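Q: Quick one: sequence and predicted model below, then my questions.
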Amino acid sequence: MSADSGFYSIIDYTVDGPGTQRELVEAFAEIQERWVRFYPGYRSARFHVSLDGTRVYNIVHWDSEADYRHFETTSDTEGRMAAIKRALEGLSGKAEARMSGLPHYAVVREVGPGPRRDDS
């Protein structure tokens with residue numbers, strides 16, 4: 001596994017179609033730009049959409065859990081949550097969060113490119 005493991009927050013939404021997917025990605029990208037990306041240890045936010053138009057995953061990458069925790073304790077959580085609420089209310093379609101519990105993850109294993117494994 002590479003040494004570039006980091007810490008992740010994975011946000012999962014179900015949506016009612018491709019149009020809502022696009023709107024949600026744009027709204028959440030703006031939230032990252034206005035509320036998150038300037039914090040120390042922030043690496044990126046990647047947005048993944050299902051090809052059937054029903055899901056959006058926002059994977060936010062941090063250098064470390066400590067950087068993420070610092071963000072959590074020092075950022076304007078109330079303001080950011082209000083911006084998320086406004087963004088969801090402004091969608092032309094429906095989006096519903098699918099996370100159960102805190103969406104926090106650490107990389108524990110990675111399989112990269114290489115030759116085929118031979119178990120013979």
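A: Done, it's in. Numbering: from 1, shown residues only.
Q: Can you list the neighbours in contact with the helix or strand bottoming out on mean pLDDT in the chain?
A: One helix or strand of the chain scores below all others by mean pLDDT, DSSP states H and E: strand 104-106, with a mean of 81. Under the contact criterion C-beta atoms under 8 Å, 6 or more residues apart in numbering, strand 104-106 has outside partners 5, 7-10, 65, 68. Using the backbone N, CA and C atoms, a C-beta is placed for each residue, glycine as well.
Q: Each with direction, which strands does it pair with?
A: According to DSSP bridges, strand 104-106 forms sheet pairs with strand 7-15 (antiparallel).
Q: Put the alpha carbons of the partner strand into PDB.
A: Taking C-alpha atoms only, strand 7-15 is exported to PDB below (Å, rounded to 0.1, in the frame of the first residue of the first chain):
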ATOM      1  CA  PHE A   7      -8.300  10.100   6.100                       C
ATOM      2  CA  TYR A   8     -11.600  10.300   4.400                       C
ATOM      3  CA  SER A   9     -15.100  11.500   4.900                       C
ATOM      4  CA  ILE A  10     -17.500   9.700   2.500                       C
ATOM      5  CA  ILE A  11     -20.900  11.400   2.000                       C
ATOM      6  CA  ASP A  12     -23.500   9.300   0.200                       C
ATOM      7  CA  TYR A  13     -26.800  10.600  -1.300                       C
ATOM      8  CA  THR A  14     -29.600   9.000  -3.200                       C
ATOM      9  CA  VAL A  15     -31.100  11.300  -5.800                       C
END
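Q: centre of the chain versus it, how much separation?
A: Offset of strand 7-15 from its chain centre (C-alpha atoms, centre = their mean, to the nearest Å): 5 Å.
Q: what do you get for stretch 18-30?
A: For stretch 18-30, the distance to the chain centre is 13 Å (C-alpha atoms, centre = their mean).
Q: how about it: buried residues?
A: Judged by neighbour count using 16 or more other C-beta atoms under 10 Å, the buried positions of stretch 18-30 are 20-21, 23-25, 27-28.
Q: Equivalent analysis for stretch 28-41, please.
A: Within stretch 28-41, the residues scored as buried using 16+ other C-beta under 10 Å are 28, 31-32, 35-36, 41.
Q: so which of the residues you listed comes closest to residue 107?
A: Distance to residue 107 across the buried residues of stretch 28-41 (C-beta to C-beta) is lowest for residue 41, with 15.2 Å.
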